[in-house]
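J.: sequence first, predicted coordinates after that:
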Amino acid sequence: DAGVIQSPRHEVTEMGQEVTLRCKPISGHDYLFWYRQTMMRGLELLIYFNNNVPIDDSGMPEDRFSAKMPNASFSTLKIQPSEPRDSAVYFCASSGPGTTNEQYFGPGTRLTVT
Amino acid sequence: RKEVEQDPGPFNVPEGATVAFNCTYSNSASQSFFWYRQDCRKEPKLLMSVYSSGNEDGRFTAQLNRASQYISLLIRDSKLSDSATYLCVVNVAKAAGNKLTFGGGTRVLVKP
């Protein structure tokens, strides 16, 4: 079975550009999470969805970040405009059905903003 | 104070030895506990859940102490492949949205 799929795996962009990260959760999972990991701050939850509905976006750093989940098999995290401090590894994870425990992570997108 | 705290390590462990480390959590309402493992430049993966009575999975033993609000992980007969960062994870409560809160991780290096 396919796990969580993320694209791109690596992204290098210049400050001010728009960045879109993509995620396909495991089929049948009803929870989807977006995390950011840095050496300084560790793994931080940005936002999560249940049945395609955003439940908690309190971890989204600022208005430059937005996330959508138009259907059960696809989600995006967008940063516009990007800044060097956004450089991190962004993980998508999914879980379920009906539980936020036992999350399965995608391989991550390594974002570098120059 | 961080919600979930871990000693970052590294714990340098001779191959075949036993290593143990703890994690403390601040919210007494925490309901579910886990250990995840993260290899260098890879994604976190669930290692094991932690049950109130303690549980064992092969060479790995997890314990929960609710009174003192900590969980522990013990690895017996360490293998080179056990080298990784071990993340302590807590699910606080439904009222808090059932979110998982990750500790900063404890790095373990098993050496020949």
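T.: Cool, the structure landed. Keep in mind that this is a model prediction, so the values were computed, not measured.

J.: mind checking pLDDT for the closest residue to chain A within chain B?
T.: In chain B, the residue that lies nearest chain A is residue B:43 (3.8 Å; CB to the nearest CB). Glycine gets a C-beta too; all of them are placed from N, C-alpha and C. At residue B:43, the pLDDT value in this model is 97.

J.: number of nearby residues for it?
T.: 21 (other CB atoms under 10 Å in any protein chain shown).

J.: residue contacts, the spatially most central residue of chain A?
T.: The centroid of chain A falls nearest to residue A:34 when counting by CA atoms, centre = their mean (3.2 Å). Taking CB atoms under 8 Å, 6 or more residues apart in numbering or on different chains as the criterion, residue A:34 is in contact with A:23, A:45-48, A:67, A:75, A:77, A:90-92.

J.: for chain A, what spans make up the strands?
T.: Secondary structure of chain A (DSSP state E): strands at A:5-7, A:10-13, A:19-24, A:31-38, A:42-50, A:53-56, A:65-71, A:74-79, A:88-95, A:104-105, A:109-113.

J.: can you give me the buried ones in the second one?
T.: The neighbour-count check on strand A:10-13 (16 or more other CB atoms under 10 Å in any protein chain shown) flags A:11, A:13 as buried.

J.: and that strand, how far out from the chain's middle?
T.: 15 Å (CA atoms, centre = their mean, to the nearest Å).

J.: strand partners (parallel or antiparallel) of it?
T.: Take DSSP bridges as the rule and strand A:10-13 pairs in its sheet with strand A:109-113 (parallel).

J.: hmm, back to that, from residue A:22, how far out is the residue nearest to the centre of chain A?
T.: 11 Å (CB to CB, to the nearest Å).

J.: so what sits against both of these two?
T.: residue A:75.

J.: what does chain B have sitting close to chain A?
T.: B:32, B:34, B:42-46, B:49, B:87, B:91, B:97-105 (CB under 8 Å from any CB of the partner chain).

J.: which among the residues you listed count as buried?
T.: Buried among the residues of chain B next to chain A (16+ other CB under 10 Å): B:32, B:34, B:43-44, B:46, B:87, B:91, B:98-105.

J.: what pLDDT is listed against the residue nearest to residue A:70 when sequence neighbours are not counted?
T.: Once flanking residues are discounted, residue A:70 sits nearest to residue A:52: 7.3 Å by CB to CB, 6 or more residues apart in numbering or on different chains. As predicted, residue A:52 sits at a pLDDT of 95.

J.: got the contact list for residue A:52?
T.: A:69-72.

J.: quick one: what helix or strand has the nearest residue to residue B:20 once chain neighbours are set aside in it?
T.: The shortest distance from residue B:20 to any non-neighbouring residue, by CB to CB, 6+ apart, is to residue B:74 (4.2 Å). Using DSSP states H and E, residue B:74 falls within strand B:70-75.
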